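1. sharing a model prediction with you, sequence too.
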Amino acid sequence: MLDMQTASKPHRAKLYLHYEIDGDDFTRAGEASSKLKQSLKQLGLSPAVIRRAAIAMYEGEINMVAHADGGVIDVDIDTAAITIVMRDTGNGIEDIDAAMKEGYSTASDEVRQMGFGAGMGLPNMKKHSDYMKIDTKVGEGTTVTMKISIMSE
Amino acid sequence: MTIGTIAKLLSAEIFTGEELSEKEARTACGSDLMSDVLAFIKNQSVLITGLTNSQVVRTAEMMDIVCIVIVRGKRPTDDMVQLAEESGIAVLSTGYSLFTTCGILYANGLAGGDRILA
């Protein structure tokens, strides 16, 4: 679901996007990231910035469906950065240090059969963003905030 | 190397993206693990894989990959073809294995484009 509250003017406007992620259907994971990518292209941002944002959010979207029964994503774009806030009310992350290690995964067999669950998601989100913060509480959910700088390119 | 040449070299069936046959591809990667494609691949334009589900196309879309080659004679699912059509990505299927497919394309000038990961 795409909700543009501000009319877009390339490089000028502040754009706000909101997506709701269905946690039941793994085949549909990635729709929001695909829409974000299209919106960023329309804004005329550089392909490198667009790709970083798309990859970071796509990994997060896969995580939301694989681990948390979906959630909501809010994206703020201004002239300096793309800020992506991904919120879920899933089980939370028990061991955040382990989750940040490449190769650590608690993904189900179903997720692995789709080509994921290699334990690269969170590290890759960090790699593709300039700032990442994870707020998580076991039993309550997780909020991941990522910032991708537009100016650094 | 054009996507059309890739199709010819691999005796591949083109499921979608016939109109992209003149499009140039310089580098490729081969993997069944989309997690690794997302984490390790940079600037590759062809994804060679034996995995057939919609997330393969999503992964390609995020990575700006223009052509997916499915190996071992597998066929793309209907939702893969539909998604690829919408995203402007060519989907090919070849009877060769992952290893042989990579070998044929590499021998004919398609590069890996990778750095050595140490």
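-> Received, thanks.
2. which helices and strands does the one helix or strand in chain A whose mean pLDDT sits lowest pack with?
-> Lowest on mean pLDDT, DSSP states H and E among the helices and strands of chain A sits helix A:109-113, with a mean of 91. In terms of contacts (3 or more CB pairs under 8 Å, 6 or more residues apart in numbering or on different chains; DSSP states H and E), helix A:109-113 is not packed against any helix or strand. C-beta coordinates here come from the backbone N, C-alpha and C atoms, glycine included.
3. chain center to the helix or strand of chain B with the lowest mean pLDDT: distance?
-> Averaged element by element with mean pLDDT, DSSP H and E, chain B has its least confident helix or strand at helix B:34-40 (a mean of 92). On the basis of CA atoms, centre = their mean, to the nearest Å, helix B:34-40 sits 14 Å off its chain's mean C-alpha point.
4. which residues does it contact?
-> Helix B:34-40 has contacts (CB atoms under 8 Å, 6 or more residues apart in numbering or on different chains) with A:55, A:58-59, A:102, A:114-121, A:123-124, A:127, B:29, B:31, B:47, B:51, B:55-56, B:59, B:62-63, B:117.
5. go again with 7 Å.
-> A:55, A:59, A:115-118, A:120-121, A:124, B:29, B:31, B:47, B:51, B:55-56, B:59, B:63 (CB atoms under 7 Å, 6 or more residues apart in numbering or on different chains).
6. after the stretch of helix or strand A:M86 belongs to comes which helix or strand?
-> Here A:M86 sits within strand A:81-88, counting by DSSP states H and E. Sequence-wise, the next helix or strand downstream of strand A:81-88 (DSSP H and E) is helix A:96-99.
7. what mean pLDDT does stretch B:103-117 get?
-> Averaged across stretch B:103-117, pLDDT comes to 85.
8. again with stretch A:30-42
-> Mean predicted lDDT for stretch A:30-42 stands at 96.
9. and that stretch with chain B, contact?
-> Yes: judged by CB under 7 Å from any CB of the partner chain, stretch A:30-42 and chain B are in contact via A:G30, A:S33, A:S34, A:K37.
10. burial of the second one, as a residue count?
-> The reference is to A:S33. Residues lying near A:S33 (other CB atoms under 10 Å in any protein chain shown) number 26.
11. contacting residues for it?
-> A:A54, A:M57, A:Y58, A:E61, B:M62.
12. residues touching stretch A:75-90, excluding its own?
-> A:11, A:14-17, A:36, A:43, A:53, A:56-57, A:60, A:64, A:67-74, A:140-151.
13. list buried residues within those residues.
-> For the contacts of stretch A:75-90, a burial check counting by 16 or more other CB atoms under 10 Å in any protein chain shown picks out A:15, A:17, A:36, A:43, A:53, A:56-57, A:60, A:64, A:67-73, A:141-148, A:150.
14. in strands, which of those fall?
-> Counted as lying in strands by DSSP state E, out of the buried ones among the contacts of stretch A:75-90, are A:15, A:17, A:70-73, A:141-148.
15. pipe these into a markdown table and attach distance to A:A107 and pLDDT per row.
-> Compiled in a markdown table, these are given as follows (distance: CB to CB, whole Å; pLDDT from 0 to 100):
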| residue | distance to A:A107 | pLDDT |
| --- | --- | --- |
| A:L15 | 32 | 92 |
| A:L17 | 27 | 97 |
| A:G70 | 16 | 94 |
| A:G71 | 17 | 96 |
| A:V72 | 21 | 98 |
| A:I73 | 20 | 98 |
| A:G141 | 18 | 96 |
| A:T142 | 15 | 97 |
| A:T143 | 20 | 98 |
| A:V144 | 16 | 98 |
| A:T145 | 22 | 98 |
| A:M146 | 20 | 98 |
| A:K147 | 26 | 98 |
| A:I148 | 25 | 97 |
